[in-house]
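[1] Quick one: sequence and predicted model below, then my questions.
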Amino acid sequence: MEGLDKFVDLQKLAENQHSIAAAAAITITAYGIYKLLQQYGKIFSLKVGPGNMIVICDRKAVYELIDRKGSIYSDRPPMAVLYMNRLLEEPENFYTYSRLYANSVAAILAWGFRAKDTESFWFKEVNAMIEQKRAFHMRDYMDRTWGNARRLVEERRSRGDARSCMIDDKLDEYAKKGWPMSDVAFNNLFGELMEAGADTTANQILTLILALAMNPQIQVRARAELDAVCGTERAPLFSDFDKLPYINAIVKEGLRWRPTSDLGLPHTVTKGGRRICPGIHLAERSMWRIAAKLLWAFEFAEPLDPATGKVQHLDPDAYTSSNLVCPLPFKVRIKPRSETHVEIIKKEVAGAMEFLSQYD
Ligand code: HEM
């Protein structure tokens, strides 16, 4: 893009765009962005080195893109019910199902598809690509994965199946107004949204489960609060938020104790310092709902040694050391609190499956 070199230290960015330390050296001045905004509008993409950088300069656009699609987190969030049901049926696979849950929510919001099971493109192929991307410089692999995702979207739209999701909204809008970016940049934008929303949420859920299993006294206090407000007859709803302050304290403590993005995201660091996560409201509400429902329905405990029957203590420091930190695979005992809790989950799951079939 002409004139860009005045604002961006292209050389440093091209050489180092995958290293956190170097990210701090990237200088894009606010004035530079402002000039580009005037010339190209509120959403534009920059070709920087081998990559594309998408710049969204409008608070409303970010809000519309991310926050308003939060209806999937409505008061009986179908994905959450399905996740609970999976924990009932296969508690030993909680690690994988926590990731599947988070991938599915992000894929529905961004791409209008759910990750139906662990064989789904939105779980298997997306995770394989993200794993590779962490280890190597995998620009082509990323372009290919999100290009395939885009093809799935185009195929369903060609069958007349437009859905309420971020990518369909923007496809409709750009068909009318014209395209502000290349196809590759567009596909990667929705891919990055999924990458930013899925792993982060899954990692924080796993941190909660680890911390709860290690701290049974916290569960006792949370259950007392939940039982006083909801009883056993119904699962907690977001409208109970004000009456359940301890649940919020647990979520916040998880984010403080083991923040998954402890250094921020390297590609988002500008001279002005760190920015706030645009998915913050969605993420906090989603985390609250999951924490409240998990604590209402289940008891979490450290695993037992199968040979001796003795408690095997979990290691609070067994975490990955990658850019987004996550507990290393661990074991916990998860059991439903009572038959009544099981019945309520089973009753809700039928309705959830019907709702979710529109995203198959
Ligand atoms: C528990 C869940 C989440 C955590 C802990 C989290 C945390 C963060 C952090 C720390 C950053 C980097 C801010 C910075 O230093 O520049 C970030 C950026 C970002 N997050 Fe989140 N996030 C979460 C969920 C989500 C969700 C659900 C979405 C959207 C669906 C989302 C979308 C984004 C995007 C697009 C960015 C890049 C922003 C930019 O480039 O300025 N996040 N997030």
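    Nice, thanks for sending it over.
[2] how many other residues sit next to Val349?
    Neighbour count of Val349, defined by other Cβ atoms under 10 Å: 17. C-beta here means a position set from N, CA and C on the backbone, and glycine is covered the same way.
[3] Report whether stretch 186-201 contacts the ligand.
    Yes: judged by Cβ under 6 Å from any ligand atom, stretch 186-201 comes into contact with the ligand at Leu193, Ala196, Gly197, Thr200, Thr201.
[4] Next up, the contacts around the closest residue to Thr260 other than its chain neighbours.
    In space, and not counting its chain neighbours, Thr260 is closest to Asn203: 3.9 Å by Cβ to Cβ, 6 or more residues apart in numbering. Asn203 makes contacts with Thr260, Leu324, Val325, Cys326, Pro327, as judged by Cβ atoms under 8 Å, 6 or more residues apart in numbering.
[5] out of everything not next to it in sequence, what's closest to the third one?
    Same thing as Val325. Tyr319 (5.1 Å).
[6] residue contacts, the one you found?
    Arg258, Val325, Cys326, Pro327, Leu328.
[7] now Ala222
    Taking Cβ under 8 Å, 6+ apart, one finds Tyr246, Ile247, Ile250, Leu295 in contact with Ala222.
[8] That one: helix or strand, and which one exactly?
    Under DSSP states H and E, the secondary-structure element containing Ala222 is helix 216-230.
[9] How about residues contacting the helix or strand just after that helix?
    Next helix or strand after helix 216-230 toward the C-terminus (DSSP H and E): helix 245-257. Applying Cβ under 8 Å, 6+ apart, the contact partners of helix 245-257 are 204, 207-208, 211-212, 218, 221-222, 225-226, 236, 241, 284, 287-288, 291-292, 295.
[10] just the helices in the protein please.
    10-16, 20-23, 30-40, 59-62, 78-89, 94-111, 124-135, 139-158, 166-177, 183-214, 216-230, 245-257, 280-297, 339-356 (DSSP state H).
[11] pretty sure Pro78 contacts Leu356?
    Yes: between Pro78 and Leu356 there is a contact at 5.3 Å, judged by Cβ atoms under 8 Å.
[12] Who has more neighbours out of those two?
    Pro78 (23 against 18).
[13] for the nearest residue to the more buried one once chain neighbours are set aside, what are its contacts?
    In this structure, Pro78 finds its nearest non-sequential neighbour in Ala352, 3.7 Å apart by Cβ to Cβ, 6+ apart. By Cβ under 8 Å, 6+ apart, the contact set of Ala352 is Arg76, Pro78, Met79, Val81, Leu82, Asn85.
[14] For Phe330, see how far away the second one is.
    Going back to what we said before, that points to Pro78. 28 Å (Cβ to Cβ, to the nearest Å).
[15] List the contacts of Gln312.
    So Gln312 contacts Glu302, Pro303, Leu304, Asp305, Lys331 (Cβ under 8 Å, 6+ apart).
[16] What remains of those residues if I keep only buried residues?
    Buried members of those, counted by 16 or more other Cβ atoms under 10 Å: Glu302.
[17] Near the ligand, which residues of the stretch 101-250 of the chain? Just list them.
    Ala106, Leu109, Leu193, Ala196, Gly197, Thr200, Thr201, Gln204.
[18] what would those residues look like in TSV with neighbour count and pLDDT?
    Shown next, in TSV, are these (neighbours: other Cβ atoms under 10 Å; pLDDT from 0 to 100):
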residue	neighbour count	pLDDT
Ala106	27	94
Leu109	26	92
Leu193	23	92
Ala196	21	90
Gly197	24	92
Thr200	22	94
Thr201	24	95
Gln204	25	97
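[19] can you redo the residues you listed as a markdown table with distance to Asp315?
    Listed next are those as a markdown table, based on distance: Cβ to Cβ, whole Å:
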| residue | distance to Asp315 |
| --- | --- |
| Ala106 | 29 |
| Leu109 | 34 |
| Leu193 | 33 |
| Ala196 | 28 |
| Gly197 | 28 |
| Thr200 | 22 |
| Thr201 | 23 |
| Gln204 | 18 |
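[20] quick check, nearest of those residues to Cys165?
    When those are ranked by distance to Cys165 (Cβ to Cβ), Leu109 comes first, at 6.2 Å.
[21] surely that closest one meets Thr201?
    No: with contacts counted by Cβ under 8 Å, Leu109 stays clear of Thr201, the gap being 11.1 Å.
[22] give me the residue from the protein nearest the ligand.
    Of all residues in the chain, Gly279 sits closest to the ligand, at 2.3 Å by Cβ to the nearest ligand atom.
[23] what's the spacing between that residue and Val105?
    On the measure of Cβ to Cβ, Gly279 and Val105 end up 11 Å apart.
[24] Between these two, which contacts overlap?
    Gly197.
[25] So for these two, which residue has more residues nearby?
    Val105 (28 against 21).
[26] Counting neighbours, what do you get for the nearest residue in space to that one that is not next to it in sequence?
    Excluding the flanking residues, the one nearest Val105 by Cβ to Cβ, 6+ apart is Met79, at 5.1 Å. For Met79, the count of nearby residues is 24 (other Cβ under 10 Å).
[27] doesn't Ser104 make contact with Met79?
    Yes: contact status for Met79 versus Ser104: in contact at 5.7 Å, counting by Cβ under 8 Å.
[28] what touches both of the two?
    Arg114.
[29] List phi and psi for Asp317.
    Dihedral pair for Asp317: phi -100, psi 10, per degrees, to the nearest 10.
[30] since we're on it, how many residues are nearby?
    Asp317 has 7 nearby residues by other Cβ under 10 Å.
[31] quick revisit: take the contacts of Ala352 and lay them out in CSV including distance to Arg114.
    CSV is the format used below for these (distance: Cβ to Cβ, whole Å):
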residue, distance to Arg114
Arg76, 16
Pro78, 9
Met79, 8
Val81, 13
Leu82, 9
Asn85, 14
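[32] Thanks again, I'm all set now.
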